[in-house]
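Asks: The following comprises the amino acid sequence and a computationally predicted model.
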Amino acid sequence: MFKSFLLLVAVTGTLAAECPFFETVANLNIREQLSNWGIHGRVLNRGLPDPKLQCVHMELSADQVERAPVTIKAHVMGTRVETGETFMDNFNAVINNLARPGRWEVSVNGTNYQYSIIHTDYVEYSLMAKCSDANGVVDLEVLFGGRSHNPMPANVVENYKNLLSSSYGVDVTNYQTIVHGHMICH
């Protein structure tokens with residue numbers, strides 16, 4: 001059995017079909033899921049690979065989580081390896097149904113996504129997915145994350161890749177590690 005895990009699923013792709021129906025964490029404790037998550041890897045289902053990244057970090061916060069709708073504020077930042085350029089992005093996620101707290105609605109640059117928290121232990125690792133199937137084209141991004149700068153253990157990565165592939169049909173062959181470490185991430 002694993003300790004905690006964060007697989008921030010955010011897979012962006014162009015698959016003709018519809019988004020997988022990801023099973024979410026039952027009875028997700030929203031407040032425990034908030035705070036900081038480092039993104040240690042990702043799966044992109046699109047034709048062209050994205051640039052290599054390092055030190056990608058996501059901060060999640062909310063003013064209140066007791067009544068719907070709950071608005072989650074996300075601040076994402078990191079560095080592009082080739083250029084050393086840092087990037088930052090902010091977006092809001094909305095939980096409209098507290099009976100399904102692991103399924104969020106997210107709008108990024110005018111595209112609406114379903115954001116699913118597939119697994120979390122709240123302490124060490126978690127798995128999340130972001131997907132949109134507007135006009136019959138699936139835009140799916142899967143991110144693997146954790147609470148520390150230490151690399152995600154290979155067995156955790158492999159177990160989550162197997163889960164994505166066998167349970168949801170996600171092509172994980174283009175998994176990309178996102179470098180983290182105390183020496184390079186401040």
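Replies: Perfect, I can see it now.

Asks: can we go C-alpha only for contacts and neighbour counts from here?
Replies: Fine.

Asks: so how many other residues sit close to residue 178?
Replies: Other residues lying near residue 178 total 23 when counted by other CA atoms under 10 Å.

Asks: which residues of the protein score low on pLDDT?
Replies: Scanning the chain for pLDDT under 70 picks out 1-17, 46-50, 182, 186.

Asks: and with 50 instead?
Replies: Applying pLDDT under 50 to the chain flags residues 1-16.

Asks: can you give me the strands for this protein?
Replies: Taking DSSP state E to define them, one finds strands in the chain at 6-7, 15-16, 35-44, 53-61, 70-80, 86-95, 103-108, 111-120, 125-132, 137-146, 176-177.

Asks: Can you lay out those as JSON lines showing mean neighbour count and distance to residue 170?
Replies: Shown next, in JSON lines, are the strands of the chain (neighbours: other CA atoms under 10 Å; distance: least, CA to CA, whole Å):
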{"stretch": "strand 6-7", "mean neighbour count": "30", "distance to residue 170": "14"}
{"stretch": "strand 15-16", "mean neighbour count": "14", "distance to residue 170": "10"}
{"stretch": "strand 35-44", "mean neighbour count": "26", "distance to residue 170": "9"}
{"stretch": "strand 53-61", "mean neighbour count": "21", "distance to residue 170": "21"}
{"stretch": "strand 70-80", "mean neighbour count": "19", "distance to residue 170": "24"}
{"stretch": "strand 86-95", "mean neighbour count": "16", "distance to residue 170": "23"}
{"stretch": "strand 103-108", "mean neighbour count": "19", "distance to residue 170": "18"}
{"stretch": "strand 111-120", "mean neighbour count": "22", "distance to residue 170": "14"}
{"stretch": "strand 125-132", "mean neighbour count": "26", "distance to residue 170": "11"}
{"stretch": "strand 137-146", "mean neighbour count": "26", "distance to residue 170": "9"}
{"stretch": "strand 176-177", "mean neighbour count": "19", "distance to residue 170": "14"}
